[in-house]
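>>> Mind folding the following:
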Amino acid sequence: MKFLWMASSDKDFRFMATNDLMGELQKDSIKLDDDSERKVVKMLLRLLEDKNGEVQNLAVRCLGPLVTKVKELQVETIVDHLCTNMCSDKEQLRDISSIGLKTVISELPLSSSSMAATVCKRITSCLSSTIAKQDVSIQLEALDILADLLTRFGSLLVSFHSAILEVLLPHRVYSDGILKEENDDGDDGDMETEEENDDNEEEYSDDDDMSWKVRRCAAKCLQAIISTRPDLLVELYRSVSPVLIDRFKEREENVKADIFHAYIALLKQTKPSTASAREDNSGYGTNFEINNLLIQQVPHILKATCRQMKDKSLKTRQGVLALLTELVSVVPGCLTPHFSQIVPGILFCLNERNASSPMKIDTLQFVHTVLVHHPPQVAHAHFAALLPSLLSAVSDPFYKITSEALLVLQQLVRVMRPLDSTSNFDFTPYTLPIYESVLVRFKAADLDQEVKERAISCMGFIICHMGDHLNGQLAVCLPIFLDRLRNEITRLTTVKALTKIASSPLRIDIQPLLPEALPILASFLRKNQRSLKLTTLTLLDRTINNYSTVLNAELLHAMLREIAPLLSESDLHIAQLTLHLLTSVARKQQTALLAGGVGGVILAQVFALLRSPLLQGVALLSLLDFLQALPRNEALKLVQNFIEEAQRPHSDWQHIFALLCMGEIGKRMDLHQVPSLGQTIVDSFSPPNEEVKSAASHALGSVAVGNLETFLPFILTQIEAQSWRQYLLLHSLKEVITSLSSGSEMGVTQLRSFVPQIWDLLFRHCECSEEGTRNVVAECLGKLTLTDAEELLPRLRVALNSPSALMRTTIVTAVKFTISDQHQSIDPFLKQCMADFLLTLQDTDLNVRRVALIAFNSAAHNKPSLIRDLLDSVLPQLYNETKVRKELVREVEMGPFKHTVDDGLDLRKAAFECMYTLLDSCLDRLDVFEFLNHIELGLKDHYDIKMLTYLMVARLASLCPSAVLQRLDRLVEPLRTTCTTKVKANAVKQEYEKQDELKRSAMRAVAALLFIVDSNKNPQLNEFVMHIRSSPDLQALFDSIQKDANGHHGNIGSSFSDSHMDLS
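I've put the predicted structure just below:
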């Protein structure tokens, strides 16, 4: 009946029938058969051409819910019809079809990847040909739709991106008529606008020139492609970047703003690549190519923008400053040869009579960014020009401008006289003007809090960098620091500024400040303000280290009384800084620790902290440093006592303690004069207790670090002579190599003279049948390679050709130990060899492939730059190892039972671990849909692999929600299977625990999926959620997971936002 009403000649009947259809389509319960779908679609498409505007608008609104209810074939019919109407001669029909396409795109379900991909490609194909037409209004609508499509489904249109770029780029250029008109005007730097409001498109009402709207839409489309395709950066810099730079001269202000935004998006996409290029330093690879392409275009960018820094339009100038600020942060130092070009524009923006406050603030922020990201000498030649304007900004009545100017001045002071490098620049003419300008704000009491803090910080920098040229002025400003220190609001900033002054290598005379400042600082240690305690401890440490000669025990006594309560396990960071401070006192002012019995109280707290099970890491090392800083005169006598205890121990624990103490002392002192030390330690390899043996091994290596010439030859001789103690002696050798290769340059130099002898010995044990011994040998080889990478790394590469699988396993494992998350001299050499080492992923031996995956995982985690450019060739091999291979699964008979053994399990686990690591380090280089294919395999694999893949599903739901949404159907089913599987009645307790942990992990993945926008539109996930709600056990489990994740109770529906389904 409703279909008849929709075809009625009465517009009111048509409107009411369409309105009723709208209500039905919005119900979740509606189900349409194929015939009904065809009728509804046919009728709605007919109503889009209705003569009544209200009926048309309602029909368009119906398209949104309709595309989520009908099958793919009908969606394609709708899209084809709308695309055809886009080229109609009737303007009204074009407009309504354009709105229809936008509605379809916004409502197209992301969860149905096949439908979305098909529909998107049909729309894109049609739009690309439509854009090529000469009709400006048609181009405008098509580009607008294409921008929406790229923003929402950019990843599905990868194959179209090149074609889209070819269509878009011509629309970045004016038509010949416009260019001629502009040239006739003779002023292509000025832009005429009628209104201040740049966002109002009605100000461009010239019917003869609508092409500016086309160019604006083209810019938005380009921005959408740039934002979704970081893998196209090289091509974008070659084809798109030059065109965008050329269009910086655009006449229309709104278009120019969008062009700037598009280029800023390109720079933001570039930032990870340029950062990787700076970290890498090898000089080749995709990241370097991108970095070099951008650097080559910097002169063109500046040529196109510097003149516009003086443009009449504030919006244009702000756009230029935003672009240049992003450019400087992406490529630090890029303006070094061009600094003189930007100075006139900076001065114009700061000194213009009618300049707005936002304009001045943007300019000051740009100047700060430039100073931070360029070498100091770059700005030296322009100080005379810049300083008056900056000092004027410090005096500006608007607090925001003053605050930004003080921050710039602070950075300028660092640039004027860098303390970490030598400079011939004469800064003295500028010292007093800067000081006097800041002093006005520093002394003032009635200022905004932000200005007060910036003035305090800036004055701290001035005294730190130029205090030796302000001797007469220190008597004026130092007392002000005391006043600010007594003020609760400014004390934290003041402590930081004083820390800067106390750390200065100029050793500024702050002695007059100390008698009053130290008691105040001591009182801060009692305050319930953690940040204040941390900064105060740092300031006291710097003061004691640098001004110990003007301090006495009486002055430090108040401080030391406040220190003991800070040595608590409740806050190990504060405890660590407190121990740093005590170590400085022990080295510089030992008498202060003995005065007034305060030392006994502190030591009692230290020993209590030492017994804490929470003490570890940096805090533990700080405590050890403090204990080592105490008097060492009795060390040799103490070692002799420990030798006697090790020779006749009363217990294993006493034996272990004596060995470890000898090792720690020997690492820091030469103990070669102590008789029978080496033999006593080696004899400790004999007791049956494994912990005693391990302690002896560690002690021997540590003692050898203190005197290589005596003890290292002893260790090497023992390795060859005592094969039954080989494993323990190799651990001793590892301790020597690890300590010296990662220590000071002197230690590395000492070790190098023994490298040939050690290297030969290690290679003789590479093919040992015991895996534990091979692993120790591999670690020794890896750490030893760090001492001379240029010589030793090629030897490892040659050893990969060995016919022995054990040798290849050891070599690949050794490579893993050369990789660190810190920058090392070996990195460029590793970059050159990494492809050869990763060829072992194709090795015929399972164990070699497994350790190759472990090495690859280490590189991906610690130094992704080593493997990023190799991923195209490595990923297929990695993905291949995620598959279960039947030829590696065998049955083993164990009495009357048969047990299944999967020899490929460890290999698959290593492969999935690599995949998990790549999510954090190389996500931009992954094809997420191919990645998800293998996640789906893992969801049906062994217990350990399932646990990994659940973690990856949760991670991907956060990182790539759109891609995950398109695969929900295939992800939900295995999660559901896990959650609904029941353990057999006769199963052991361990199987129940494993299944329970699997369920919890699967539920965490489900919780992550529920947070994805539009996940509520997936039928399988909805059904699974309802199943969870219907099961008390699953509901209780899910509630506990939600509580852990969100910090509150609630049902499953609480994981949805308001826009998600209502499960009540």
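
>>> Return the set of buried residues in the helix or strand that contains residue 780.
In this assignment (DSSP states H and E), residue 780 forms part of helix 771-785. For helix 771-785, the buried set under the neighbour-count rule, 16 or more other CB atoms under 10 Å, comprises 773-785. Yep, even glycine has a C-beta here, placed from its N, CA and C like the rest.

>>> Dump these into a markdown table; add pLDDT and distance to residue 592 as well.
Formatted as a markdown table, the buried residues of helix 771-785 follow (pLDDT from 0 to 100; distance: CB to CB, whole Å):
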| residue | pLDDT | distance to residue 592 |
| --- | --- | --- |
| 773 | 92 | 52 |
| 774 | 93 | 53 |
| 775 | 94 | 49 |
| 776 | 95 | 46 |
| 777 | 95 | 50 |
| 778 | 95 | 49 |
| 779 | 94 | 44 |
| 780 | 94 | 45 |
| 781 | 95 | 49 |
| 782 | 93 | 46 |
| 783 | 92 | 41 |
| 784 | 93 | 45 |
| 785 | 93 | 47 |
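
>>> Would you convert those into JSON lines that also reports distance to residue 800?
Formatted as JSON lines, the entries for those read as follows, by distance: CB to CB, whole Å:
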{"residue": "773", "distance to residue 800": "20"}
{"residue": "774", "distance to residue 800": "15"}
{"residue": "775", "distance to residue 800": "18"}
{"residue": "776", "distance to residue 800": "20"}
{"residue": "777", "distance to residue 800": "16"}
{"residue": "778", "distance to residue 800": "13"}
{"residue": "779", "distance to residue 800": "18"}
{"residue": "780", "distance to residue 800": "18"}
{"residue": "781", "distance to residue 800": "13"}
{"residue": "782", "distance to residue 800": "14"}
{"residue": "783", "distance to residue 800": "19"}
{"residue": "784", "distance to residue 800": "17"}
{"residue": "785", "distance to residue 800": "14"}
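
>>> With respect to residue 558, which of these is nearest?
Of all the buried residues of helix 771-785, residue 558 sits closest to residue 783, with 47.4 Å by CB to CB.

>>> Quickly note the distance from the closest one to residue 748.
In this structure, residue 783 lies at 11 Å from residue 748, with CB to CB, to the nearest Å as the measure.

>>> can you pull out the helices in the stretch 201-350 of the chain?
211-228, 233-235, 241-246, 253-280, 286-305, 314-330, 339-351 (DSSP state H, counting those that start in this stretch).

>>> if we can go back for a sec, so what does the helix holding residue 780 touch, helix or strand wise?
With contacts defined as 3 or more CB pairs under 8 Å, 6 or more residues apart in numbering; DSSP states H and E, the packing partners of helix 771-785 are helix 726-741, helix 755-763, helix 789-799, helix 805-816.

>>> Out of the ones you listed, the one nearest residue 77 is which?
Residue 77 sits nearest to helix 805-816 of all these, at 56.9 Å, using CB to CB.

>>> Mind listing residues that contact that closest one?
With contacts defined as CB atoms under 8 Å, 6 or more residues apart in numbering, helix 805-816 is touched by 766-769, 774-775, 777-779, 781-782, 785, 796, 799-800, 802, 830, 837, 840, 843, 845, 847-848, 851-852, 854-855, 858.

>>> Would you mind getting the angle between it and helix 755-763?
Relative orientation of helix 805-816 with respect to helix 755-763: 130 degrees, computed using axes from the mean of the first three to the mean of the last three CA atoms, to 10 degrees.

>>> Next, the angle helix 253-280 makes with whichever helix or strand comes after helix 805-816.
The first helix or strand that comes after helix 805-816 along the chain, using DSSP H and E, is helix 827-838. If you take the same axes, to 10 degrees, helix 827-838 sits at 80 degrees to helix 253-280.

>>> next helix or strand past helix 827-838?
With elements assigned by DSSP H and E, the helix or strand that comes after helix 827-838 is helix 846-862.

>>> Show me what that next one is packed up against.
Judged by 3+ CB pairs under 8 Å, 6+ apart, the packing partners of helix 846-862 are helix 805-816, helix 827-838, helix 871-880, helix 905-921.

>>> The second one - what's its average pLDDT?
This predicted structure assigns helix 827-838 an average pLDDT of 90.

>>> Could you pull out the buried residues of it?
By neighbour count with 16+ other CB under 10 Å, helix 827-838 contains the buried residues 827, 829-831, 833-834, 837-838.

>>> What of the shortest one?
When burial is assessed from 16+ other CB under 10 Å, helix 871-880 yields the following buried residues: 871, 874-875, 877-879.

>>> got it, and stretch 536-553?
For stretch 536-553, by 16+ other CB under 10 Å, it's 536-548, 551, 553.

>>> Filter those residues down to just the ones in helices.
Using DSSP state H, 536-546, 553 are the members of the buried residues of stretch 536-553 that sit in helices.

>>> What's the separation between residue 840 and residue 256?
Separation of residue 840 from residue 256 (CB to CB) stands at 54 Å.

>>> So those two - more neighbours on which side?
Neighbour tally, residue 840 and residue 256, criterion other CB atoms under 10 Å: the higher count belongs to residue 256, 27 against 21.

>>> The more buried one reaches residue 250, doesn't it?
Yes. Between residue 256 and residue 250 a contact is recorded at 4.2 Å, counting by CB atoms under 8 Å.

>>> Flag the shaky bits of the stretch 651-800 of the chain, pLDDT-wise.
Residue ranges of the stretch 651-800 of the chain with pLDDT under 70: 743.

>>> mind redoing it with 90?
When the per-residue scores of the stretch 651-800 of the chain are filtered using pLDDT under 90, the ranges that remain are 664-665, 667-679, 682-683, 686-689, 706-707, 710, 720-726, 739-753, 768-770, 787-789.

>>> ok, back up a step: which single one of the buried residues of helix 771-785 is nearest to residue 95?
residue 782 (67.8 Å).

>>> nearest spatial neighbour of that closest one, skipping sequence neighbours?
Computed as CB to CB, 6 or more residues apart in numbering, the closest residue to residue 782 that is not its neighbour in sequence is residue 817, at 2.7 Å.

>>> Got the phi and psi for that neighbour?
Here the main-chain torsion angles of residue 817 (degrees, to the nearest 10) amount to phi -80, psi 0.

>>> okay, now it: neighbour count?
Here the neighbour count serves as a burial measure; for residue 817 (other CB under 10 Å) it reads 21.

>>> swap in residue 915?
Using other CB under 10 Å: residue 915 sits among 23 other residues.

>>> picking up where we left off before, any chance of the ones in helices among the buried residues of stretch 536-553 in JSON lines, plus distance to residue 987 and pLDDT?
Supplementary listing: those in JSON lines, determined by distance: CB to CB, whole Å; pLDDT from 0 to 100:
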{"residue": "536", "distance to residue 987": "59", "pLDDT": "96"}
{"residue": "537", "distance to residue 987": "56", "pLDDT": "96"}
{"residue": "538", "distance to residue 987": "57", "pLDDT": "96"}
{"residue": "539", "distance to residue 987": "62", "pLDDT": "96"}
{"residue": "540", "distance to residue 987": "61", "pLDDT": "96"}
{"residue": "541", "distance to residue 987": "59", "pLDDT": "95"}
{"residue": "542", "distance to residue 987": "63", "pLDDT": "95"}
{"residue": "543", "distance to residue 987": "66", "pLDDT": "94"}
{"residue": "544", "distance to residue 987": "64", "pLDDT": "94"}
{"residue": "545", "distance to residue 987": "64", "pLDDT": "92"}
{"residue": "546", "distance to residue 987": "68", "pLDDT": "93"}
{"residue": "553", "distance to residue 987": "70", "pLDDT": "83"}
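
>>> Select, from those, the two members most distant in space.
Comparing the members of these, the greatest separation, given CB to CB, is between 538 and 553, at 21.8 Å.
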